[in-house]
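Colleague: Sequence first, then the predicted structure, then my questions.
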Amino acid sequence: MSTLLEVRGLTKQFVKDDTGIVALRDFDLQVEQGSFVTILGRSGCGKSTALNLLSGLLQPTSGTVTYKGGAVDGPRTEISYLTQSDTLMPWRDVRRNVEMPMEISGVGARERRDRAMELVERVGLSGFEHHYPRELSGGMRRRVSLARMLVGNPETLLMDEPFGALDAQLRLELQTELLRLWQDSGQTVVFVTHDIEEALLLGDRVVVLGLRGRRVLDRGIDLPRPRDPDELRVEPAFVALHRQMTEALREGAR
Ligand SMILES: Nc1ncnc2c1ncn2[C@@H]1O[C@H](COP(=O)(O)OP(=O)(O)OP(=O)(O)O)[C@@H](O)[C@H]1O
């Protein structure tokens, strides 16, 4: 596998009321093409900042981000980013929000509609196609954003806690759906979460971040796929990994 995304010495300092806040310090990461990397860390450790930098939305104070060997100095069409904040268009209904990436890439109206409807169904929102974002719950809006991301079939997906606001059952359904869509797609995913079980269920590799993005642990997850959470929870290998991640998160807080 070849390296698709490479981050070297990434540092981001924000200035607030004349005081510098280092959100990320000297962060290194290599992401192989076609892999699913989960970044696990507690609230405030710099995960969103890292993704903002990876996506090109934010410029680093120092360090570099390269994608296929070229510098990332702004958003790129091959990289789709699902941010924590809601970026749905309030004046468009669900279907037309999901159609957006296809409109930009010039897909015809009929195909756009069919593909949008398929994705709306996959995220469990059939019957809500003509609802506007203000008529949906927070979790439903997240699912529309997810459908909009997936419909564009991006080469690389950056996802910032996409399932955090969902109830447990729905989260499980969407995690399974995401894995199903990812498997054999060749897509590369960088997925941020604070949930150990989610990180282990999804990732080929888990990177645990401590304060200011310090890399506390970076290891491959060789649990066989497909991974069934109910079976996984009682697997000795999973239990051992879970314990290691818990310890790494604790270490990262020091
Ligand atoms: N625009 C900003 N201006 C000032 N400080 C910021 C800004 N963005 C982030 N920070 C600070 O940087 C640190 C890391 O924030 P970040 O949002 O990256 O963390 P996170 O790990 O994604 O947290 P969470 O899991 O709660 O979303 C925090 O201390 C935060 O207050």
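Modeller: Looks like it came in fine. The structure presented is a predicted model; accordingly, all values stated were derived computationally and were not measured.

Colleague: contacts for the longest helix seen in the chain?
Modeller: If you go by DSSP state H, the chain has its longest helix at helix 236-252. With C-beta atoms under 8 Å, 6 or more residues apart in numbering as the contact definition, helix 236-252 has outside contacts at 40-42, 45, 196-197, 199-200, 206, 208-211, 214, 216-217, 219, 221, 223, 232-233. Yep, even glycine has a C-beta here, placed from its N, CA and C like the rest.

Colleague: Could you list the buried residues of that helix?
Modeller: 238, 241-242, 244-245, 248-249, 252 (16 or more other C-beta atoms under 10 Å).

Colleague: just the residues you listed that are near the ligand?
Modeller: Among the buried residues of helix 236-252, not one lies near the ligand by C-beta under 6 Å from any ligand atom.

Colleague: mind giving me JSON lines with the residues you listed and columns for pLDDT?
Modeller: What follows is the buried residues of helix 236-252, written out as JSON lines (pLDDT from 0 to 100):
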{"residue": "238", "pLDDT": "96"}
{"residue": "241", "pLDDT": "97"}
{"residue": "242", "pLDDT": "96"}
{"residue": "244", "pLDDT": "96"}
{"residue": "245", "pLDDT": "96"}
{"residue": "248", "pLDDT": "95"}
{"residue": "249", "pLDDT": "95"}
{"residue": "252", "pLDDT": "86"}
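
Colleague: Among those residues, which one sits closest to residue 133?
Modeller: If you rank the buried residues of helix 236-252 by distance to residue 133 using C-beta to C-beta, residue 249 comes first, at 33.9 Å.

Colleague: From the ligand, how far out is the closest one?
Modeller: Going from residue 249 to the ligand by C-beta to the nearest ligand atom, to the nearest Å gives 12 Å.
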